[in-house]
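Peer 1: Output the structure for:
(2 chains)
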Amino acid sequence: MKSLDDLKALRERMQKQMNVRESDEDTIKVLVGMATCGIAAGARPVLQAFLQEINKRGLKNVKVQQTGCIGVCRLEPIAEVFVPGQEKVTYVKLKPEMVPRIVNDHLVNKNVVKEYTIGAAE
Amino acid sequence: MKDLSLNVLDITHNSISAEASLIELEVAEENGTITITIKDNGKGIDPEMLETVTDPFTTSRTTRKVGMGLPLFKMAAEQTGGSLEIESTIGIGTEVQAIFYSNHIDCPPLGDMAASVAMLAGALKDGSDLVYTRSIENSSFAFDTRQIKEVLGEGISLAEPAVQDWIREYITQQEDAIKGDKHEKLG
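Peer 2: So this is what the prediction gives:
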(Lines give C-alpha, C1' and ligand atoms only; values in the text may rest on other atoms or scores of the structure.)
Protein backbone atom coordinates (compact mmCIF):
# COMPACT_ATOMS: atom_id res chain seq x y z
CA MET A 1 0.00 0.00 0.00
CA LYS A 2 1.11 3.54 -0.78
CA SER A 3 1.07 5.57 2.41
CA LEU A 4 1.89 9.09 3.54
CA ASP A 5 5.18 7.65 4.82
CA ASP A 6 6.08 6.72 1.24
CA LEU A 7 5.37 10.30 0.31
CA LYS A 8 7.72 11.51 3.06
CA ALA A 9 10.43 9.19 1.77
CA LEU A 10 9.83 10.56 -1.71
CA ARG A 11 10.19 14.12 -0.40
CA GLU A 12 13.55 13.30 1.15
CA ARG A 13 14.82 11.74 -2.07
CA MET A 14 13.63 14.72 -4.08
CA GLN A 15 15.13 17.28 -1.72
CA LYS A 16 18.55 15.66 -2.12
CA GLN A 17 18.20 15.77 -5.88
CA MET A 18 17.09 19.40 -5.89
CA ASN A 19 20.55 20.53 -4.90
CA VAL A 20 22.05 18.98 -7.99
CA ARG A 21 19.24 20.06 -10.27
CA GLU A 22 20.24 22.14 -13.24
CA SER A 23 19.17 25.76 -13.26
CA ASP A 24 15.93 27.02 -14.79
CA GLU A 25 17.64 27.99 -18.03
CA ASP A 26 18.34 24.33 -18.70
CA THR A 27 14.78 23.20 -18.02
CA ILE A 28 12.94 21.51 -20.89
CA LYS A 29 9.21 22.17 -20.91
CA VAL A 30 6.54 19.87 -22.29
CA LEU A 31 3.05 21.38 -22.62
CA VAL A 32 0.16 19.00 -23.25
CA GLY A 33 -3.15 20.45 -24.49
CA MET A 34 -5.82 19.50 -21.97
CA ALA A 35 -8.91 21.42 -23.08
CA THR A 36 -12.13 19.60 -24.03
CA CYS A 37 -10.78 18.86 -27.51
CA GLY A 38 -7.52 17.40 -26.21
CA ILE A 39 -9.12 15.30 -23.47
CA ALA A 40 -11.76 13.90 -25.84
CA ALA A 41 -9.03 12.95 -28.34
CA GLY A 42 -6.99 11.08 -25.71
CA ALA A 43 -4.64 13.62 -24.11
CA ARG A 44 -4.86 12.11 -20.63
CA PRO A 45 -3.06 8.84 -21.44
CA VAL A 46 -0.52 10.85 -23.46
CA LEU A 47 0.25 13.16 -20.52
CA GLN A 48 0.41 10.10 -18.28
CA ALA A 49 2.87 8.44 -20.65
CA PHE A 50 5.13 11.54 -20.49
CA LEU A 51 5.00 11.54 -16.68
CA GLN A 52 5.73 7.84 -16.42
CA GLU A 53 8.56 7.87 -18.93
CA ILE A 54 10.22 10.89 -17.31
CA ASN A 55 9.78 9.35 -13.88
CA LYS A 56 11.16 5.99 -15.04
CA ARG A 57 14.24 7.63 -16.52
CA GLY A 58 14.61 9.93 -13.53
CA LEU A 59 14.94 13.02 -15.73
CA LYS A 60 15.30 16.03 -13.46
CA ASN A 61 15.38 18.88 -15.95
CA VAL A 62 11.98 18.30 -17.57
CA LYS A 63 8.73 20.00 -16.57
CA VAL A 64 5.44 18.63 -17.84
CA GLN A 65 2.54 21.08 -17.76
CA GLN A 66 -1.08 21.10 -18.84
CA THR A 67 -2.38 23.85 -21.06
CA GLY A 68 -5.64 24.80 -22.75
CA CYS A 69 -6.63 24.54 -26.37
CA ILE A 70 -3.61 25.00 -28.62
CA GLY A 71 -5.85 25.93 -31.57
CA VAL A 72 -5.77 22.98 -33.97
CA CYS A 73 -8.35 20.72 -32.33
CA ARG A 74 -8.44 18.30 -35.27
CA LEU A 75 -4.79 17.39 -34.63
CA GLU A 76 -5.19 16.66 -30.91
CA PRO A 77 -3.69 15.23 -28.76
CA ILE A 78 -0.95 17.84 -29.09
CA ALA A 79 2.21 18.45 -27.08
CA GLU A 80 4.60 21.37 -27.43
CA VAL A 81 8.23 20.79 -26.49
CA PHE A 82 10.45 23.71 -25.50
CA VAL A 83 14.15 22.89 -25.37
CA PRO A 84 16.22 25.92 -24.27
CA GLY A 85 18.02 27.46 -27.23
CA GLN A 86 15.90 25.61 -29.79
CA GLU A 87 12.71 26.46 -31.61
CA LYS A 88 9.42 25.15 -30.18
CA VAL A 89 8.40 21.76 -31.60
CA THR A 90 4.71 20.83 -31.89
CA TYR A 91 3.86 17.12 -31.89
CA VAL A 92 0.39 16.17 -33.10
CA LYS A 93 -2.04 13.23 -33.13
CA LEU A 94 -0.14 11.69 -30.27
CA LYS A 95 -0.67 8.24 -28.84
CA PRO A 96 0.90 7.00 -25.58
CA GLU A 97 3.11 4.56 -27.51
CA MET A 98 4.74 7.49 -29.37
CA VAL A 99 5.85 9.15 -26.14
CA PRO A 100 8.89 7.01 -25.14
CA ARG A 101 10.53 7.83 -28.46
CA ILE A 102 9.95 11.58 -28.05
CA VAL A 103 11.41 11.39 -24.54
CA ASN A 104 14.42 9.39 -25.69
CA ASP A 105 15.20 11.12 -28.99
CA HIS A 106 14.13 14.67 -28.29
CA LEU A 107 14.18 15.33 -24.53
CA VAL A 108 17.32 13.29 -23.84
CA ASN A 109 19.27 13.33 -27.13
CA LYS A 110 17.90 16.61 -28.56
CA ASN A 111 16.90 15.09 -31.90
CA VAL A 112 13.41 16.11 -33.03
CA VAL A 113 11.16 13.18 -34.02
CA LYS A 114 10.25 14.77 -37.32
CA GLU A 115 7.56 12.33 -38.46
CA TYR A 116 5.40 13.11 -35.38
CA THR A 117 5.53 16.88 -35.81
CA ILE A 118 2.85 19.20 -37.14
CA GLY A 119 5.07 19.88 -40.16
CA ALA A 120 4.94 16.22 -41.16
CA ALA A 121 1.19 15.92 -40.51
CA GLU A 122 0.15 18.93 -42.59
CA MET B 1 -15.76 11.51 -23.94
CA LYS B 2 -15.11 7.83 -23.34
CA ASP B 3 -15.77 7.89 -19.62
CA LEU B 4 -17.00 10.17 -16.85
CA SER B 5 -13.55 10.73 -15.33
CA LEU B 6 -12.58 12.54 -18.56
CA ASN B 7 -15.59 14.86 -18.26
CA VAL B 8 -14.59 15.50 -14.65
CA LEU B 9 -11.02 16.33 -15.68
CA ASP B 10 -12.34 18.76 -18.30
CA ILE B 11 -14.99 20.51 -16.16
CA THR B 12 -12.80 20.80 -13.05
CA HIS B 13 -10.19 22.63 -15.16
CA ASN B 14 -12.82 25.40 -15.32
CA SER B 15 -12.65 25.79 -11.53
CA ILE B 16 -8.86 26.14 -11.75
CA SER B 17 -9.26 28.82 -14.44
CA ALA B 18 -11.83 30.57 -12.23
CA GLU B 19 -9.04 31.09 -9.68
CA ALA B 20 -10.75 29.13 -6.93
CA SER B 21 -8.73 28.70 -3.74
CA LEU B 22 -10.71 25.56 -2.90
CA ILE B 23 -12.24 23.04 -5.29
CA GLU B 24 -14.40 20.28 -3.85
CA LEU B 25 -14.99 17.33 -6.11
CA GLU B 26 -17.29 14.55 -5.04
CA VAL B 27 -18.25 11.30 -6.72
CA ALA B 28 -20.99 9.44 -4.86
CA GLU B 29 -22.36 6.08 -5.94
CA GLU B 30 -25.62 5.15 -4.27
CA ASN B 31 -28.70 3.10 -5.20
CA GLY B 32 -27.92 2.89 -8.90
CA THR B 33 -26.96 6.54 -9.29
CA ILE B 34 -23.62 8.28 -9.66
CA THR B 35 -23.70 11.89 -8.48
CA ILE B 36 -20.76 14.06 -9.49
CA THR B 37 -20.43 17.43 -7.78
CA ILE B 38 -17.78 20.02 -8.61
CA LYS B 39 -17.92 23.01 -6.27
CA ASP B 40 -15.52 25.93 -6.23
CA ASN B 41 -15.13 29.33 -4.62
CA GLY B 42 -13.85 30.91 -7.81
CA LYS B 43 -14.96 34.03 -9.60
CA GLY B 44 -18.41 32.71 -10.62
CA ILE B 45 -20.48 33.05 -13.79
CA ASP B 46 -22.73 36.06 -14.41
CA PRO B 47 -26.52 35.36 -14.66
CA GLU B 48 -26.68 36.10 -18.38
CA MET B 49 -23.88 33.65 -19.19
CA LEU B 50 -25.29 31.09 -16.75
CA GLU B 51 -28.54 30.85 -18.74
CA THR B 52 -26.75 29.69 -21.86
CA VAL B 53 -23.70 28.01 -20.37
CA THR B 54 -24.71 24.50 -21.46
CA ASP B 55 -25.22 25.71 -25.05
CA PRO B 56 -22.23 24.67 -27.22
CA PHE B 57 -22.21 28.15 -28.77
CA THR B 58 -21.51 29.80 -25.45
CA THR B 59 -17.96 30.22 -24.22
CA SER B 60 -15.94 32.71 -22.21
CA ARG B 61 -13.02 32.25 -24.51
CA THR B 62 -12.32 34.92 -27.06
CA THR B 63 -10.39 32.94 -29.67
CA ARG B 64 -13.50 31.22 -31.01
CA LYS B 65 -17.18 30.87 -30.32
CA VAL B 66 -17.70 27.30 -29.20
CA GLY B 67 -17.32 25.63 -25.81
CA MET B 68 -18.08 21.92 -25.59
CA GLY B 69 -17.18 21.02 -22.00
CA LEU B 70 -20.44 21.56 -20.12
CA PRO B 71 -22.69 20.61 -23.10
CA LEU B 72 -20.94 17.23 -23.39
CA PHE B 73 -21.18 16.61 -19.64
CA LYS B 74 -24.88 17.53 -19.65
CA MET B 75 -25.56 15.31 -22.65
CA ALA B 76 -23.81 12.37 -20.98
CA ALA B 77 -26.00 12.78 -17.86
CA GLU B 78 -29.25 13.23 -19.77
CA GLN B 79 -28.58 10.18 -21.96
CA THR B 80 -28.87 8.06 -18.81
CA GLY B 81 -32.12 9.71 -17.73
CA GLY B 82 -30.16 11.94 -15.34
CA SER B 83 -29.60 15.67 -15.25
CA LEU B 84 -27.08 18.46 -14.82
CA GLU B 85 -27.60 21.49 -12.61
CA ILE B 86 -25.34 24.47 -12.37
CA GLU B 87 -25.51 27.24 -9.78
CA SER B 88 -23.19 30.18 -9.65
CA THR B 89 -22.81 33.57 -8.00
CA ILE B 90 -20.26 36.16 -9.06
CA GLY B 91 -17.56 36.45 -6.43
CA ILE B 92 -18.85 33.44 -4.47
CA GLY B 93 -18.30 30.46 -6.72
CA THR B 94 -19.88 27.79 -8.87
CA GLU B 95 -21.38 24.37 -8.26
CA VAL B 96 -21.98 21.87 -11.03
CA GLN B 97 -23.87 18.71 -10.17
CA ALA B 98 -24.58 15.88 -12.58
CA ILE B 99 -26.64 12.78 -11.83
CA PHE B 100 -26.19 9.58 -13.82
CA TYR B 101 -28.27 6.40 -13.68
CA SER B 102 -25.58 3.76 -13.75
CA ASN B 103 -27.85 0.90 -14.83
CA HIS B 104 -28.87 2.74 -17.99
CA ILE B 105 -27.32 1.20 -21.09
CA ASP B 106 -25.98 4.61 -22.18
CA CYS B 107 -24.22 5.34 -18.89
CA PRO B 108 -20.47 5.63 -19.59
CA PRO B 109 -18.12 3.89 -17.15
CA LEU B 110 -16.74 6.10 -14.40
CA GLY B 111 -13.20 5.48 -15.67
CA ASP B 112 -9.89 6.23 -14.01
CA MET B 113 -10.74 8.90 -11.44
CA ALA B 114 -7.30 8.53 -9.84
CA ALA B 115 -5.61 9.61 -13.08
CA SER B 116 -7.92 12.62 -13.46
CA VAL B 117 -7.56 13.73 -9.83
CA ALA B 118 -3.74 13.41 -9.95
CA MET B 119 -3.60 15.57 -13.08
CA LEU B 120 -5.95 18.14 -11.59
CA ALA B 121 -3.77 18.30 -8.46
CA GLY B 122 -0.79 18.85 -10.76
CA ALA B 123 -2.58 21.67 -12.61
CA LEU B 124 -3.53 23.65 -9.47
CA LYS B 125 -2.27 27.22 -9.25
CA ASP B 126 -0.35 28.44 -6.20
CA GLY B 127 -2.68 28.95 -3.24
CA SER B 128 -5.30 26.65 -4.69
CA ASP B 129 -6.38 23.30 -3.28
CA LEU B 130 -8.48 20.33 -4.25
CA VAL B 131 -10.49 17.95 -2.11
CA TYR B 132 -11.73 14.76 -3.75
CA THR B 133 -14.32 12.70 -1.92
CA ARG B 134 -15.39 9.33 -3.25
CA SER B 135 -18.17 7.31 -1.71
CA ILE B 136 -19.77 4.00 -2.57
CA GLU B 137 -22.95 3.47 -0.54
CA ASN B 138 -21.76 3.95 3.07
CA SER B 139 -18.00 3.71 2.50
CA SER B 140 -15.99 6.78 1.61
CA PHE B 141 -12.55 8.31 1.54
CA ALA B 142 -11.17 11.79 0.89
CA PHE B 143 -8.00 13.06 -0.75
CA ASP B 144 -6.96 16.60 0.18
CA THR B 145 -4.07 18.40 -1.54
CA ARG B 146 -3.54 20.51 1.63
CA GLN B 147 -2.49 17.36 3.45
CA ILE B 148 -0.17 16.34 0.61
CA LYS B 149 1.44 19.80 0.45
CA GLU B 150 2.01 19.66 4.20
CA VAL B 151 3.95 16.41 3.85
CA LEU B 152 5.90 17.57 0.80
CA GLY B 153 6.79 20.99 2.22
CA GLU B 154 8.02 23.96 0.20
CA GLY B 155 9.60 23.59 -3.18
CA ILE B 156 8.19 20.27 -4.36
CA SER B 157 5.40 20.66 -6.88
CA LEU B 158 2.43 18.32 -7.10
CA ALA B 159 3.12 18.29 -10.84
CA GLU B 160 6.47 16.46 -10.36
CA PRO B 161 6.27 13.13 -12.20
CA ALA B 162 7.25 11.15 -9.08
CA VAL B 163 4.57 12.90 -6.99
CA GLN B 164 1.98 12.41 -9.73
CA ASP B 165 2.79 8.71 -9.68
CA TRP B 166 2.32 8.51 -5.92
CA ILE B 167 -0.99 10.40 -5.99
CA ARG B 168 -2.42 8.19 -8.72
CA GLU B 169 -1.46 4.96 -7.00
CA TYR B 170 -2.58 6.21 -3.60
CA ILE B 171 -6.07 7.15 -4.83
CA THR B 172 -6.40 3.91 -6.81
CA GLN B 173 -5.66 1.90 -3.67
CA GLN B 174 -8.06 3.92 -1.51
CA GLU B 175 -10.79 3.45 -4.12
CA ASP B 176 -10.14 -0.27 -4.38
CA ALA B 177 -10.47 -0.49 -0.62
CA ILE B 178 -13.95 1.06 -0.58
CA LYS B 179 -14.99 -1.04 -3.56
CA GLY B 180 -13.89 -4.05 -1.52
CA ASP B 181 -16.12 -2.92 1.37
CA LYS B 182 -19.09 -2.93 -0.98
CA HIS B 183 -18.37 -6.42 -2.23
CA GLU B 184 -18.05 -7.77 1.28
CA LYS B 185 -21.45 -6.39 2.20
CA LEU B 186 -23.01 -7.86 -0.91
CA GLY B 187 -21.30 -11.21 -0.41
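Peer 1: And the strands in the chain?
Peer 2: Reading this off chain A. A:28-33, A:62-67, A:79-82, A:89-91 (DSSP state E).
Peer 1: try chain B instead
Peer 2: Under DSSP E, chain B gives strands at B:22-30, B:33-40, B:83-89, B:93-101, B:129-136, B:139-144.
Peer 1: For my notes, please list those in a markdown table and give mean pLDDT for each entry.
Peer 2: Formatted as a markdown table, the strands of chain B follow (pLDDT from 0 to 100):
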| stretch | mean pLDDT |
| --- | --- |
| strand B:22-30 | 97 |
| strand B:33-40 | 97 |
| strand B:83-89 | 95 |
| strand B:93-101 | 97 |
| strand B:129-136 | 97 |
| strand B:139-144 | 96 |
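Peer 1: Show me what from chain B comes close to chain A.
Peer 2: B:1, B:6, B:9-10, B:13, B:61, B:63, B:67-69, B:72, B:115-116, B:119, B:122-123, B:147-148, B:151-153, B:155-156, B:159-166, B:169-170, B:173 (CB under 8 Å from any CB of the partner chain). Using the backbone N, CA and C atoms, a C-beta is placed for each residue, glycine as well.
Peer 1: Drop anything exposed from these.
Peer 2: B:1, B:6, B:9-10, B:13, B:67-69, B:72, B:115-116, B:119, B:122-123, B:148, B:152, B:156, B:159-166, B:170 (16 or more other CB atoms under 10 Å in any protein chain shown).
Peer 1: Centre of the chain to stretch A:66-77, how far?
Peer 2: Taking CA atoms, centre = their mean, to the nearest Å, one finds the center of stretch A:66-77 at 15 Å from the center of the full chain.
Peer 1: Quick one: residues in contact with stretch A:54-72.
Peer 2: By CB atoms under 8 Å, 6 or more residues apart in numbering or on different chains, the residues outside stretch A:54-72 that reach it are A:17, A:20-22, A:26-38, A:47, A:50-51, A:76, A:78, A:80, A:90, A:92, A:103, A:107-108, A:118, B:13, B:61, B:63, B:119, B:122-123, B:159, B:161-162, B:164-165.
Peer 1: Buried members of those residues into ChimeraX, please.
Peer 2: Selection of buried members from the contacts of stretch A:54-72 for ChimeraX, criterion 16+ other CB under 10 Å:
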select /A:28,30,31,32,33,34,35,36,37,38,47,50,51,76,78,80,90,92,103,107,118 /B:13,119,122,123,159,161,162,164,165
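Peer 1: Enumerate every residue touching residue 106.
Peer 2: Picked chain A for this. A:81, A:83, A:89, A:112-113.
Peer 1: um, chain B though
Peer 2: By CB under 8 Å, 6+ apart, the neighbours of residue B:106 are B:79-80.
Peer 1: Run through chain A and note the low-pLDDT ranges.
Peer 2: For chain A, the stretches with pLDDT under 70 are A:19-24.
Peer 1: ok, which residues in it are in contact with chain B?
Peer 2: For chain A, the contact set with chain B under CB under 8 Å from any CB comprises A:1-4, A:6-8, A:10-11, A:13-15, A:18, A:34-37, A:39-40, A:44, A:47-48, A:50-52, A:54-55, A:63-66, A:68-69, A:71.
Peer 1: buried subset of the residues you listed?
Peer 2: A:2, A:7, A:10-11, A:14, A:34-37, A:39-40, A:44, A:47-48, A:50-52, A:54-55, A:63-64, A:66, A:68-69.
Peer 1: Looking at those residues, which are in helices?
Peer 2: A:7, A:10-11, A:14, A:36-37, A:39-40, A:44, A:47-48, A:50-52, A:54-55 (DSSP state H).
Peer 1: dump the residue contacts of residue A:119.
Peer 2: Counting by CB under 8 Å, 6+ apart, residue A:119 touches no other residue.
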